[in-house]
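Engineer: Turn this into a structure:
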Amino acid sequence: MHLHEEIWKWSSTLPDWQNDLLRRLYERSNLSEQEVMQVKENVLSSVLDIYSEKRNIKKLSKENIPNKKRSEKVKLKSLENLINVASVDFQSSIKFNTQGLTVIYGNNSAGKSSYAKVLKQSCRAVDNDTVIYPNIYEDDNNRVGEATINIIDENNEVQAIHRIMNTPPNQQLSHISIYDSKCGQIYAETENKVVFIPRELQIFNLLATTQNSIKENLIIEKKEFENNIPIIPGFKEETKIKSFINSLSNETTYEEIENMCLFTDNDIQRLEELNTNLRLLLEDNPEKNIKDLERKITDTQRFHDNIKRINEVLTNTSIDTFLSNQSRYINAIKTLQIAKEEAFNQQPLQGVGSNPWMKLWEAAKEYHDVAYHNIEFPNTELGSKCLLCQQDLNEEGKHRLENFEKFITNNLSKEKEEIEKELNTYIEEVKSLPINDIKNASIREYLQYEQPSLEKTINLLISKSSEISSKIISAKDEKTLEIPYLTSFPLDKLKSWIGEQKTELAHKKEIIKANNKVEIEREIIELESKKSASYIIQDIKKLVAIKDKIAKYNVAITLLSTTSITKKYNQLASTFISDQFKSQIAKELNYLRCDNIAFDIKSRGTKGQTTIKLTVDSENKVEVSDIFSEGEQKALSLAFFLAEISSMDNTGGIILDDPVSSFDQGRREYVAKRLIEEASNRQIIIFTHDIVFFHTLENFAKQKNISITQNVVRRTGEVSGITSNDDNLPWTAKNVKKRIGFLKQELQSMKSKEKNLDDDMYFLEVKKWYSLLRESWERAVEELMLAGVVLRFEPGIKTQELRKVKINDHLIQMVTEGMTKSSAMVHDESPAIGRMIPSLEEMQGDLKKLDSFKKEFN
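Structural biologist: I've put the predicted structure just below:
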């Protein structure tokens, strides 16, 4: 299965928010802050309901996953304006070949490494510890170094990058890779981050990086929640509240908080009750408290009964009845007075009908029952006698007795007596009312404290009942009478209070009997804790809400873990990176004729990235540097570098500083051939001080038709980094044509030397010139006559070029003459010969012969 298919299959197992993030990263690797915020909200929506409305998820489609494609990157055009960079000449610069190979040659201390270091700091290198110093021999050496790198960017436009020394690499140059001796050591000995990850796999690093960024953001937000957790005061006593507070968690519900911490009216009442009970038990003589309460109940009950009696006697109906009877009574008296006057007005004696007379009449009636017990009173039959004087009754006396009895037995008189009796009975009842007992009751002081609302009612009752009773008692003979009604007294309240007191009495007796002071104190502590908790119930709810949010943030943070990403990445990297990379290193070693090196690689993935380390393919745990020679280590590290470059998804250039400085000499050719091959795919820049390697690169470039630009870096006195183009190559690297040009220039300078130097010194300059001419004839034989079949810098003989060899007597004669003349001027001679110093015209003629020889091969 292809990598593209593997990632698509894996994406279907991801949660929605992560699948959506994968899609976003494939569509745009650099997410905006708004998009990152949206992803964060998607993650939180999976654990927090409040974010569900903000959920914005669109799943990955197969088309979102890109296919691998190599891309062109920026190319280096030139390096110039090196200011305060070692002792490099600030006026010098290096121009790079953007389409092939650039070789910069320079001897040790010439300054070429200073140019290489500037590029190393600017581009990608595994060695990040390079430091560039200004000229340490100058007094003012604290100035910051700078340089200008001209590039051709992705849009094929020239762009200048201003570099400050010892600053981080430039992002635009991150696809240009550097190799030097320090990088080689790191490649060979340490663990390196893999930079050639296939584009499809790079998503794992982006995914892990984004998730870590969101994770860090959530951790910061969670920290803010933790900083806002309210401080809950500690509870000293071990109570249920303390245990509850200590056990608060994100799972605690508001209902549980209110059940435990809400201080209800029942709790208030219960706490008061418990404190009362405790005070009772703490008294010196609690039995006295019981007796006092019993006495209060008794007094209050009596007080209640007295009020009840007043209420029962002085009812509105009773008062209305009394007023009615009193009115009837007055009317009856008036009526009887009129009847009396009519009945007794003509009697011989005064006072008839008065009370004394009435008593006498009643006595006579009683005596009549004795004297005439079988005869109805009054006895007025014939022969009847007066009950008082015992004399016979005459007709007038009989008539008078009958009138008296008729008056006495009249209905009105009886009604008057009955009304009077009722009035007197009620008046006596009113007189007996316990108004003063109520007024002076000692219990009133207690009630005033316990039931203050009743005091006003009691005072009104006393006032009204006193007024009513006073009027009733003195109202019998009043012709006009007004008596107010008694205000209703709430006996039910008093009765209820008595009931409460009786309940309290029973309760106190039970408390005293139980004597459970310890239990009461324990319950009081519990209730006091609950009361304290009720004051901070909102803080407790806030604490739980924050704990709930923190817990869910922890879940979200866990969801953002990159472990599963790394695991999947390692699985795919093992197949698509490690195995293939090992194969590529082996291929590179084969190129370099180092396939005898037994190596292995150890890969490790972390957070969507892979690191690889070269190891010895052995069961023994040994380091590469302990087993392989310096040349083998160099070959292995260079193979690692080239394998890394070959595996990248782009054609970014490479820069190598002395890639064969410590190689076995026999490997130069293979390294040069491999680099020339790579130059057909990307820009390559090589710094070297090895002239043989320089020449080898030149020859292979010509064979492969690779464009090559050559630069030379020289030092003049204290100034280094002085550059020149390929017309000013080292003498050993110059071909015949360039050597002829160089010798012509030297002849021009010989004119001034002839005038300014003495004969001996001038002769030495002439000998030097002829020495170079002789070397040029030798080079002409290799390069022209033998057509490069046999070259001194080449490791082999080019037999396929034999057809180009041109040898004849004329050419041999020209070489013989040229070599004889130049050798004679170079070799040491006997003073006896006395050879004259050749003139400039003679020297020009000798050089012209070489030029003529060259023209024979045009």
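Engineer: and the strand or helix carrying residue 760, which residues are buried?
Structural biologist: Taking DSSP states H and E as the definition, residue 760 sits inside helix 759-780. Across helix 759-780, burial judged by 16 or more other CB atoms under 10 Å covers 762-763, 765-766, 769-770, 772-777, 779-780. Backbone N, C-alpha and C define where each C-beta goes, glycine included.
Engineer: Quick one: mean pLDDT over it.
Structural biologist: Regarding helix 759-780, the rounded mean pLDDT is 87.
Engineer: now swap in stretch 554-564 and tell me
Structural biologist: In this model, stretch 554-564 has a mean pLDDT of 91.
Engineer: Check stretch 697-714 too.
Structural biologist: Along stretch 697-714, the predicted confidence averages to a pLDDT of 90.
Engineer: Residues in contact with it: which ones?
Structural biologist: Contact with stretch 697-714 is made by 94-97, 99-107, 110-112, 115, 672-673, 675-677, 679-680, 686, 688, 694, 720-726, 728-730, 733, 794, as judged by CB atoms under 8 Å, 6 or more residues apart in numbering.
Engineer: Now do it: distance from first to last residue.
Structural biologist: From the first residue to the last, stretch 697-714 extends over 20 Å; the measure is CA to CA, to the nearest Å.
Engineer: Same question for stretch 222-231.
Structural biologist: For stretch 222-231, the first-to-last residue distance is 17 Å (CA to CA).
Engineer: distance between stretch 260-274 and the chain's centre?
Structural biologist: When distances are taken as CA atoms, centre = their mean, to the nearest Å, stretch 260-274 is centred 41 Å away from the chain's centroid.
Engineer: Check which residues of that stretch are buried.
Structural biologist: Across stretch 260-274, burial judged by 16+ other CB under 10 Å covers 260-261, 263, 271, 274.
Engineer: Do a quick rundown of the strands in the stretch 451-600 of the chain.
Structural biologist: Secondary structure of the stretch 451-600 of the chain (DSSP state E, counting those that start in this stretch): strands at 599-606.
Engineer: I misspoke; the intended subject was the stretch 51-200 of the chain.
Structural biologist: Defined through DSSP E, counting those that start in this stretch, the strands belonging to the stretch 51-200 of the chain, from first to last, are 75-83, 94-95, 101-106, 146-152, 158-164, 177-179, 192-193.
Engineer: what helix or strand is residue 47 on?
Structural biologist: Once you assign secondary structure using DSSP H and E, residue 47 falls outside every helix and strand.
Engineer: what's near enough to touch it?
Structural biologist: With contacts taken as CB under 8 Å, 6+ apart, residue 47 has the following neighbours: 552-553, 555-556, 559.
Engineer: Not including adjacent chain positions, what is the nearest residue to it?
Structural biologist: residue 552 (4.3 Å; CB to CB, 6 or more residues apart in numbering).
Engineer: got the contact list for the one you found?
Structural biologist: Listed by CB under 8 Å, 6+ apart, the contact set of residue 552 reads 44, 47-48, 250.
Engineer: Show me what the one helix or strand residue 269 maps to is packed against.
Structural biologist: Under the criterion DSSP H and E, the helix or strand holding residue 269 is helix 265-282. Counting contacts by 3 or more CB pairs under 8 Å, 6 or more residues apart in numbering; DSSP states H and E, helix 265-282 is packed against helix 491-514, helix 517-535.
Engineer: I'd like the distance from the next helix or strand after it to the chain centre, please.
Structural biologist: On the C-terminal side of helix 265-282, the nearest following helix or strand under DSSP H and E is helix 286-313. Using CA atoms, centre = their mean, the distance from the centre of helix 286-313 to the centre of the chain it belongs to is 71 Å.
Engineer: ditto for stretch 157-176
Structural biologist: 36 Å.
Engineer: Same question for stretch 777-797.
Structural biologist: On CA atoms, centre = their mean, the centre of stretch 777-797 falls 74 Å from that of its chain.
Engineer: If you count neighbours, what's buried in that stretch?
Structural biologist: For stretch 777-797, the buried set under the neighbour-count rule, 16+ other CB under 10 Å, comprises 777, 779-787, 789, 791, 793-794.
Engineer: do the same with stretch 536-556
Structural biologist: Neighbour-count burial for stretch 536-556 [16+ other CB under 10 Å]: 536-537, 540-541, 543-544, 546-550, 552-553, 555-556.
Engineer: Ok, stretch 310-329 next?
Structural biologist: Buried, per 16+ other CB under 10 Å, within stretch 310-329: 310-311, 313-314, 318-319, 322-323, 325-326, 328-329.
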